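*Asks:* Requesting a structural model of the entry that follows:
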Amino acid sequence: KNFSETGNFGFGIQEHIDLGIKYDPSIGIFGMDFFVVLERPGFRVSRRKRFRSRIGLQHKITKKDSIDWFKSKFGGTVVDY
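*Replies:* Next up is the predicted model:
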């Protein structure tokens, strides 16, 4: 549910203290949401102004690719995908 079909994923942290930041009473406790966009090198051809072109199917990142990358890079576990 956190991974999209285009290889992007998001997650949230309930308290910023979990990141190792010291608690400041004037700020209080707040959470954060992160959204990660994965792209392969050369993906810019679809966004540039000159000579814009399409990204091939083999070059696009799929949901399975992003889950595999997350598991290998961070050693995390993915539940219910």
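*Asks:* residues in contact with Phe43?
*Replies:* Neighbour list for Phe43: Ile55, His59 [criterion: Cβ atoms under 8 Å, 6 or more residues apart in numbering]. All C-beta spots, glycine's among them, are computed from the backbone N, C-alpha and C.
*Asks:* and with 7 Å instead?
*Replies:* Each residue near Phe43 by Cβ atoms under 7 Å, 6 or more residues apart in numbering is listed here: Ile55.
*Asks:* where does it land on pLDDT?
*Replies:* We note a pLDDT of 83 for Phe43 in this prediction.
*Asks:* which residue packs closest to the residue most central in space within the chain, ignoring adjacent ones?
*Replies:* In the chain, the residue lying closest to the centroid (Cα atoms, centre = their mean) is Val36, at 1.9 Å. Closest residue to Val36 apart from its sequence neighbours, by Cβ to Cβ, 6 or more residues apart in numbering: Phe9 at 5.5 Å.
*Asks:* Tell me what the one you found is bridged to.
*Replies:* Judged by DSSP bridges, the bridge partners of Phe9 are Phe3, Val36.
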